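A.B. asks: Pasted the sequence and its predicted model underneath.
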Amino acid sequence: MARARLTIDLDAIASNWRALASIAGPRVETAAVLKADAYGLGADRVGPALAAAGARSFFVALAEEGAALRAALGPGPSIRVLGGLMPGDAALCREATLTPCLNSPAQLAEFEAELPGARCALQIDSGMRRLGFAPAELTACAGRLRALRPDLVMSHLACADVPGHPCNAVQLDRFTEGSALFPGVPRSLAATPGTLLGPAWHFDLVRPGIGLFGGLPFAAALPVVRLALPVIQTRAVAPGEPVGYGAAWTAERPSVVATVSGGYADGLLRAIASGGVALYAGETACPLIGRVSMDLLTVDVTDLAEVPAELEILNAHQGVDDLARAAGTIGYEILTSLGDRYERVYKGAASRLDPA
């Protein structure tokens, strides 16, 4: 089979970072969250492009991700590990100069024992009840934490993608109160959705993730990815003849059906088949028909004068959030699920940066 091609526009990612930095304003640092291999798009390429655009602080989920990013960025930029200090991570944090975000008394004890004198950050649970020191833990550990001189106090908003949600104000108040235990330490509360809430949520540093990669809730983001799927075969289908597993689609007219290379093994979720998804031949939308299988999709190309060699399922007309709506999920899941069978092509001036 010909390989599908995923094109990643590094200049668009850099432009989206600059746009979010403009929203945050010149007095607020704008970092970049590159967890999950830069949301599946390649941290070794995305990281240097953002560093060239001016980013100086990066966040990852795990120490292993941080070490890989450090290899791509070299010394200098800050790389904070959101998951904190897991058992066995101390040597990796030391070697790669990573800054763990301490989330619990257990991680605090691990840091004191294994990384005395190293840099750390601190995460407060302001109401999401996932990671971070709970209020009672924070009070009990405040003296020990202050002694470490953390370089950042942060928390994470649970409902920032719903601007009027009452949890946003509650978490803002709790974070303001908890972070006051660490006077003079820079503070961060906002990821992409929080950045869009307004200045009250910005504090000293914002840390966008999904907004860099063209996803909601940053509706003004430039599209970042294009996914072109090669056409393997076309066939004529008579009225009344079904196509694909379960005979889920039946031709109502004389039809031409194209089979293209791509399926749920490539992150094109099975559920998109019921959501009105199209594949594009230039500006012309061709309906996705039948069921999504592991490696193949079927497309109604009857109305094309000529069937091209490939059809696009992600482009400026249909992005990751459109596929997400069709599948009943979120753009984050679509983006991070895109598989490793694609030929990956990086475009833009930033694509010429040496990833090493």
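C.D. replies: Arrived safely. Numbering: from 1, shown residues only.

A.B. asks: correct me, but L10 touches D44?
C.D. replies: No - contact status for L10 versus D44: not in contact, 11.5 Å apart, counting by Cβ atoms under 8 Å. Glycine gets a C-beta too; all of them are placed from N, C-alpha and C.

A.B. asks: Those two: which has the busier surroundings?
C.D. replies: A side-by-side neighbour count of L10 and D44, using other Cβ atoms under 10 Å, places L10 first with 25 against 16.

A.B. asks: tell me the domain boundaries of the chain?
C.D. replies: The chain breaks down into these structural domains: 31-213, 225-350 (assignment by automatic domain parsing).

A.B. asks: export these to TSV and tack on distance to A19?
C.D. replies: As requested, the domains of the chain are exported to TSV (distance: least, Cβ to Cβ, whole Å):
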stretch	distance to A19
domain 31-213	8
domain 225-350	15
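
A.B. asks: out of these, deepest packed?
C.D. replies: When these are scored by mean count of other Cβ atoms under 10 Å, the highest mean neighbour count falls to domain 31-213 (a mean of 19).

A.B. asks: starting at the chain centroid, how far to it?
C.D. replies: A distance of 15 Å separates the centroid of the chain from that of domain 31-213, by Cα atoms, centre = their mean, to the nearest Å.

A.B. asks: what's the span of that domain from first residue to last?
C.D. replies: 14 Å (Cα to Cα, to the nearest Å).

A.B. asks: Equivalent analysis for stretch 91-103, please.
C.D. replies: 19 Å.

A.B. asks: For it, the averaged confidence score.
C.D. replies: Along stretch 91-103, the predicted local confidence has a mean pLDDT of 97.

A.B. asks: who are the neighbours in contact with the residue minimising distance to the centre of the chain?
C.D. replies: The centre of the chain sits closest to Y39, judged by Cα atoms, centre = their mean, with a distance of 3.6 Å. Taking Cβ atoms under 8 Å, 6 or more residues apart in numbering as the definition of contact, the neighbours of Y39 are 209-210, 212-213, 332, 335-336.

A.B. asks: Quick one: residues contacting L102.
C.D. replies: When contacts are counted by Cβ under 8 Å, 6+ apart, L102 touches 84-85, 108, 111, 120-123, 133, 145, 150.

A.B. asks: Which of the domains of the chain sits closest to S22?
C.D. replies: domain 31-213 (10.5 Å; Cβ to Cβ).

A.B. asks: Which of the domains of the chain sits closest to R5?
C.D. replies: Nearest to R5 among these is domain 225-350 (4.7 Å), distances taken as Cβ to Cβ.

A.B. asks: would you list every one of the strands in the stretch 1-150 of the chain?
C.D. replies: 5-9, 29-30, 32-33, 57-60, 78-81, 99-102, 121-123 (DSSP state E, counting those that start in this stretch).

A.B. asks: Strand partners (parallel or antiparallel) of the longest one?
C.D. replies: Right, the one you point to is strand 5-9. When pairs are called by DSSP bridges, strand 5-9 turns out to pair with strand 225-237 (antiparallel), strand 343-347 (parallel).

A.B. asks: what's the answer for the third one, then?
C.D. replies: According to DSSP bridges, strand 32-33 forms sheet pairs with strand 57-60 (parallel).

A.B. asks: what residues are up against P193?
C.D. replies: Applying Cβ under 8 Å, 6+ apart, we find P193 in contact with 157, 160-161, 217.

A.B. asks: That one - nearest residue in space that isn't next to it in sequence?
C.D. replies: Excluding its sequence neighbours, the residue lying closest to P193 (Cβ to Cβ, 6 or more residues apart in numbering) is A160, at 3.5 Å.

A.B. asks: What of G275?
C.D. replies: Across the structure, with Cβ to Cβ, 6+ apart as the measure, the residue nearest G275 apart from its sequence neighbours is A326 (2.3 Å).

A.B. asks: residue contacts, the one you found?
C.D. replies: For A326, the contacting residues are 271-272, 274-277, by Cβ under 8 Å, 6+ apart.

A.B. asks: Now with 10 Å, please.
C.D. replies: Listed by Cβ atoms under 10 Å, 6 or more residues apart in numbering, the contact set of A326 reads 269, 271-278, 288, 318, 334.
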